[in-house]
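S.K.: Mind folding the following:
(one chain, ligands or ions: 4)
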Amino acid sequence: MLNNAAARRAVSGIVDPVAKGLLRIGLSPDAVTLIGTVATCVAALWFFPRQQWVAGTLVIAAFVVADLLDGTMARISGRSGPWGAFLDSTLDRVADGAIFGGVVLGLALSGDTLSAAACLLALVGGGVVSYAKARAESIGVECNVGIAERAERVILLLVATFLTGLGVPYVLPVAVWILAGLTWITVGQRILHVRRQLRVLPPEDAA
Ligand SMILES: CCCCCCCC/C=C\CCCCCCCC(=O)OC[C@H](COP(=O)(O)O[C@@H]1[C@H](O)[C@H](OP(=O)(O)O)[C@@H](O)[C@H](O)[C@H]1O)OC(=O)CCCCCCC/C=C\CCCCCCCC
Ligand SMILES: Nc1ccn([C@@H]2O[C@H](COP(=O)(O)O)[C@@H](O)[C@H]2O)c(=O)n1
Ligand SMILES: [Mg+2]
Ligand SMILES: [Mg+2]
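M.R.: Ligands and ions are numbered 1, 2, ... in the order given. Have a look, this model is predicted:
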């Protein structure tokens, strides 16, 4: 839903100048992908298991935007390519594992094992959502569909962790169940989408 041209245009006024600045100081798109992932993982696995929700959210939010910056840097500098696409997508899965895994640990260690289980369901579902897209693309089918793509999943979880840190009750347990539901609905949407596309494609085009 958010991974579209309109959403990207809306943030480009901030993202583009920052991307140009990072290129000017000599950082490469790959370095930003890597730094963003490592910093996100360290922050998620340090703050969230300790239930330091506000600090964790703010640090992760600062570094997860590296995912918007790296592609912009690659495009501006004419370095977009299959290697960068592979690295970006693969490291997204690592960052998601750390963010959602950190929340699973935080919830479980606080004694809320039911919410921890819901968050685990959302984590596994998120992996399946992304796998479905990668596998669809490998057989020649575009699969940019679904109610809860990565941007929605990350933003919903981070808003919930932030509000929880501010003391708003029930928001994280409710959010992780909603996330688990929306994520698995997205799995279903992608499976149906691929099925429909393969029905309209001649067999030789769906390799
Ligand atoms: C009550 C209010 C409290 C507020 C508390 C603070 C909460 C903070 C919440 C959010 C802030 C952080 C927002 C960060 C958003 C980044 C999300 C993101 O993942 O963006 C990347 C996304 C897709 O990028 P890719 O193409 O690189 O990734 C693809 C994706 O992983 C696919 O996964 P799937 O969907 O299948 O599961 C893979 O399949 C695919 O392989 C992979 O390539 O990009 C977008 O979606 C673009 C639009 C995002 C718009 C987000 C709006 C962000 C809002 C605020 C950001 C502010 C920007 C400021 C920049 C400052 C720079 C220093
Ligand atoms: N290190 C990188 C990261 C990304 N790319 C290219 O950008 C595309 C993703 O763009 P986002 O704005 O969603 O990050 C990706 O498909 C690559 O083409 C790159 O080249 N190098
Ligand atoms: Mg990116
Ligand atoms: Mg990425």
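
S.K.: In which helix or strand does the residue nearest to residue 95 when sequence neighbours are not counted reside?
M.R.: Nearest residue to residue 95, sequence neighbours excluded (Cβ to Cβ, 6 or more residues apart in numbering): residue 40, at 4.6 Å. Using the backbone N, CA and C atoms, a C-beta is placed for each residue, glycine as well. Assigned by DSSP states H and E, residue 40 belongs to helix 29-47.

S.K.: Could I get the buried residue list for that helix?
M.R.: 29-30, 32-33, 36-41, 43-45, 47 (16 or more other Cβ atoms under 10 Å).

S.K.: Report the entries of the residues you listed that also contact ligand 2.
M.R.: 29, 30, 33 (Cβ under 6 Å from any ligand atom).

S.K.: my guess is the first one meets residue 68, correct?
M.R.: Right, residue 29. No - with contacts counted by Cβ atoms under 8 Å, residue 29 stays clear of residue 68, the gap being 11.6 Å.

S.K.: Residues of the protein that sit close to ligand 3?
M.R.: 67, 70, 71, 88 (Cβ under 5 Å from the ion).

S.K.: got a markdown table for the residues you listed, with neighbour count, secondary structure and distance to ligand 1 too?
M.R.: Below are those laid out as a markdown table (neighbours: other Cβ atoms under 10 Å; DSSP: H, G, I helix; E, B strand; the rest coil; distance: Cβ to the nearest ligand atom, whole Å):
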| residue | neighbour count | secondary structure | distance to ligand 1 |
| --- | --- | --- | --- |
| 67 | 20 | helix | 4 |
| 70 | 27 | helix | 7 |
| 71 | 20 | helix | 6 |
| 88 | 20 | helix | 5 |
